[in-house]
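Asker: 3D model of this:
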Amino acid sequence: MLSYFEHFKIQDSNSLRGHGAIEKGLVINAAIDFASYQMYNLLCRQSDMTVDMHGIYQRNAFVYFQLPISAFREIEILQSLKHENVVNLIETCGKKGTPYNRYNSKFYIVLEYCEHDLAGLLGNANVKFSLGEIRNVMQQLLNGLYFIHSNKIMHRDLKPQNILITKYGVLKIADFGLAREFSVPSGDGQPKQYTNCVVTLWYRPPELLLGETKYSTAIDMWGVGCIMAEMWTRSPIMQGSTEQHQLYLISQLCGSITPDVWPGVDQLELYRSLGLPLGRKRKVKERLKAQVKDELALDLLDKLLSLDPSKRIDSETALNHDIFWTDPMPTDLYPMLSRYRRRSTNQPDNPN
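Answerer: Residues are numbered from 1 along each chain as shown. Predicted structure coming up:
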């Protein structure tokens, strides 16, 4: 196995030795995210199955496997979510530190391997999505999200980078590091409070930007709307540089944020201090129709990008929207991905 590491010039190859699941496979690719993970792509010797392995070993984060709470939550949530459109946790493995080197602990999450992420596909000019294929992507995303929400979990970080797609066109929602279980209001009728420091800025809904802590699964639906628009625009539709700038861009697209369109918004912590723009008309359909040339898509986008979270469409209702039941029907992604792969590698592919 070491020669395989050396062939790919993986600096940290020695750190992988002695880990049970890792010894089962050959590393065929590696990437480093210095924020939290070191990621390896493994080919299992016994089954020829390819997996993704995320190594969590931040210094000062471990003392004899005292994992960060976010890692525990992610593992627990992934163990409870078994669905075709949710990335599958295969196993966990690791190596404890010693009394003399307690920061040498390493822990790995082994996930099923997905060849693509949506951000990479959207950023590639050679990948062309038809209307039917876009409907397929959105239907799979909503299917997975409906399952997640039905299990009382909020993802809290939906974005194209966290939407994986296998070479056969199966979409997988991934990265549950910020996900949280939610509960119905307690006996006093008060909803539980959560941190509002979640969701990547360009996909963050207005309620979080205004300081709301008693939010719901509607925060994920805003992200779905941003992702859906991006299927046509091929880049994020609101690229704010700060939270205040993001709110300004939201107002430009979705209209001014006022109690008239969102009752109670003036009670949120940051509403008065941010000096939100007034007199802006809602222009979701008008601004996007030049690229989104589909009336049903524009209608669903308008419902997903509702300023008032209580009026934002939920995943179950969205799945029953006419867009998924009108020609062109959602179209299998496999043929398109196969054509793209053949152009990229000049190699035929076979799903069997």
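Asker: Roughly how far does the closest residue to Leu208 other than its chain neighbours sit from Asp327?
Answerer: Distances taken as C-beta to C-beta, 6 or more residues apart in numbering place Asn196 nearest to Leu208, at 4.6 Å, with adjacent residues excluded. Using the backbone N, CA and C atoms, a C-beta is placed for each residue, glycine as well. According to C-beta to C-beta, to the nearest Å, Asn196 and Asp327 sit 41 Å apart.
Asker: Ok, Tyr334 next?
Answerer: 20 Å.
Asker: Comparing those two, which residue is more hemmed in?
Answerer: For Tyr334 and Asp327, the more surrounded residue by other C-beta atoms under 10 Å is Tyr334, and the numbers stand at 15 against 6.
Asker: How about the contacts made by the nearest residue to the more buried one once chain neighbours are set aside?
Answerer: Leaving aside its chain neighbours, Tyr334 sits nearest to Gly169 (4.3 Å; criterion: C-beta to C-beta, 6+ apart). Gly169 makes contact with 136, 332-334, 336-337 under the criterion C-beta atoms under 8 Å, 6 or more residues apart in numbering.
Asker: Would you confirm that Gly169 belongs to a helix?
Answerer: No: Gly169: not assigned to a helix; according to DSSP: H, G, I helix; E, B strand; the rest coil it is coil.
Asker: so what does the helix or strand that Glu230 is a member of touch, helix or strand wise?
Answerer: Using DSSP states H and E, Glu230 falls within helix 218-233. For helix 218-233, the packing partners by 3 or more C-beta pairs under 8 Å, 6 or more residues apart in numbering; DSSP states H and E come out as helix 118-122, helix 131-150, helix 206-209, helix 284-288, helix 295-304, helix 315-319.
Asker: Ramachandran angles for Glu181?
Answerer: Dihedral pair for Glu181: phi -70, psi 150, per degrees, to the nearest 10.
Asker: Quick check: it vs Asn85, distance?
Answerer: Separation of Glu181 from Asn85 (C-beta to C-beta): 19 Å.
Asker: Which one of those two is surrounded by more residues?
Answerer: Ranked by neighbour count (other C-beta under 10 Å), Glu181 and Asn85 place Asn85 first, with 21 against 13.
Asker: Including mean neighbour count, could the helices and strands packed on helix 218-233 go into a markdown table?
Answerer: Converted to a markdown table, these look like this (neighbours: other C-beta atoms under 10 Å):
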| stretch | mean neighbour count |
| --- | --- |
| helix 118-122 | 18 |
| helix 131-150 | 21 |
| helix 206-209 | 24 |
| helix 284-288 | 17 |
| helix 295-304 | 19 |
| helix 315-319 | 17 |
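Asker: Show me how this protein divides into domains.
Answerer: 23-112, 116-334 (automatic domain parsing).
Asker: mean confidence score for the first one?
Answerer: For domain 23-112, the per-residue pLDDT values average out at 63.
Asker: Ile173 contacts Val87, doesn't it?
Answerer: Yes: assessed by C-beta atoms under 8 Å, Ile173 is found in contact with Val87 at 6.7 Å.
Asker: okay, and the common contacts of those two?
Answerer: Contact criterion C-beta under 8 Å, 6+ apart; residues shared by Ile173 and Val87: Leu164.
Asker: sorry, back to before: what sits against the residue nearest to Leu208?
Answerer: Taking C-beta under 8 Å, 6+ apart as the criterion, Asn196 is in contact with 208, 211-213, 215.
Asker: try Ala218
Answerer: For Ala218, the contact set (C-beta under 8 Å, 6+ apart) comprises 205, 207, 309-310, 312, 314.
Asker: Among these, which pair sits farthest apart?
Answerer: Spatially, the most separated pair among the contacts of Ala218 is Glu207 and Asp314, at 15.0 Å (C-beta to C-beta).
Asker: Looking at the contacts of Gly169, spot the one nearest Leu301.
Answerer: Leu301 has its nearest neighbour among the contacts of Gly169 in Asn136, at 16.7 Å by C-beta to C-beta.
Asker: isn't the closest one right next to Pro335, touching?
Answerer: No: the pair Asn136 / Pro335 is not scored as a contact, 11.2 Å apart, by C-beta under 8 Å.
Asker: For the domains of the chain, give me JSON lines that also has distance to Arg341.
Answerer: Below are those laid out as JSON lines (distance: least, C-beta to C-beta, whole Å):
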{"stretch": "domain 23-112", "distance to Arg341": "15"}
{"stretch": "domain 116-334", "distance to Arg341": "7"}
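Asker: Many thanks, we can stop here.
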